[in-house]
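Undergrad: just coords:
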């Protein structure tokens, strides 16, 4: 049964979903504009793992502001792992979460047992049109996430994600996308020590396959998993992704 906890680190109080298991510890990090609850419908696919889904700062249960760059959030994540007592968790990050997982692997390699980047890359420049759409979103007219899903994704999947993601404050969603836009660790990839799995959808138009192929070429010993999906791979092909991570572990 999934348990809901709160954690307070560096003045940020966040919600954490925990699905206990005797399996290896896995942290699931959401993407820009997401929150811990966006993972809840997918947790059955991760039942083989001791799964932890974290809110990033600035959303849902957190009264404080968002953090505006990956370095600050990765530093915060280090303390979360240390204070929660997790031993070398596998950190699975989707999109912006993948950037955070990679930064964490570069800054604190001894804390993690492996990094899984999902629909992500070593650089995440954001289209000015997307930034403009995010900046102009409001409670009455929230950001429409349909653009991130593959064309064949059922409407009910998109709508379910949309309803949950809309609980994230607009200013936090904007801060997430701005942090994505400034993220770039391409020059550091050769120093990555934790194991790396690169997962992506073949129909992803936001972080297309060339992003993941570049990562695979730059990080010795990395592995890559691809399936037919768009940018929102964890929601479009949740079981296939979870099974691929389990096999990789």
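TA: Everything's here; your move. The structure presented is a predicted model; accordingly, all values stated were derived computationally and were not measured.

Undergrad: which residues touch residue 147?
TA: Going by CB atoms under 8 Å, 6 or more residues apart in numbering, residue 147 touches 130, 206. No exception for glycine: its C-beta is placed from N, CA and C like everyone else's.

Undergrad: Now do it against residue 15, distance only.
TA: Separation of residue 147 from residue 15 (CB to CB, to the nearest Å): 27 Å.

Undergrad: How about residue 8?
TA: 11 Å.

Undergrad: Looking at these two, which has the bigger crowd around it?
TA: Neighbour count, other CB atoms under 10 Å: between residue 8 and residue 15, residue 15 has more, with 18 against 12.

Undergrad: give the contact list for residue 19.
TA: Taking CB under 8 Å, 6+ apart, we find residue 19 in contact with 1-3, 43, 46-47, 49-51.

Undergrad: from the residues you listed, which has minimum pLDDT?
TA: The lowest pLDDT within these belongs to residue 1, with 85.

Undergrad: how many neighbours does that residue have?
TA: Close neighbours of residue 1, defined as other CB under 10 Å, add up to 5.

Undergrad: measure residue 51 to residue 81 for me?
TA: 14 Å.

Undergrad: So between these two, which is more surrounded?
TA: Neighbours were counted for residue 51 and for residue 81 using other CB under 10 Å; residue 51 has more, 27 against 22.

Undergrad: Thought residue 43 was touching that one, still the case?
TA: Yes - counting by CB atoms under 8 Å, residue 51 does reach residue 43; the two are 6.2 Å apart.

Undergrad: so what sits against both of these two?
TA: 17, 19.

Undergrad: buried ones in the helix or strand containing residue 180?
TA: Using DSSP states H and E, residue 180 sits within helix 170-182. Within helix 170-182, the residues scored as buried using 16 or more other CB atoms under 10 Å are 170, 172-181.

Undergrad: between these, which is nearest residue 162?
TA: Nearest to residue 162 among the buried residues of helix 170-182: residue 173, at 12.2 Å, using CB to CB.

Undergrad: Next up, the contacts around the closest one.
TA: 32-33, 134, 137, 143, 165 are the contacts of residue 173 under CB under 8 Å, 6+ apart.

Undergrad: if you go through this protein in chain order, where are the helices?
TA: Assigned by DSSP state H, the chain shows helices spanning 70-84, 96-107, 128-136, 155-165, 170-182, 209-218, 233-236, 238-248.

Undergrad: Of those helices, which is nearest residue 24?
TA: Of all the helices of the chain, helix 238-248 comes closest under CB to CB, at 8.9 Å.

Undergrad: Tell me how far the closest one lies from the chain's centre.
TA: Here helix 238-248 is found 15 Å from its chain centre; the criterion is CA atoms, centre = their mean, to the nearest Å.

Undergrad: For it, which outside residues touch it?
TA: Residues from elsewhere that reach helix 238-248, judged by CB under 8 Å, 6+ apart: 26, 42, 45-46, 48-49, 90, 92, 114, 116, 118, 197, 199, 223, 225, 227, 233-234.
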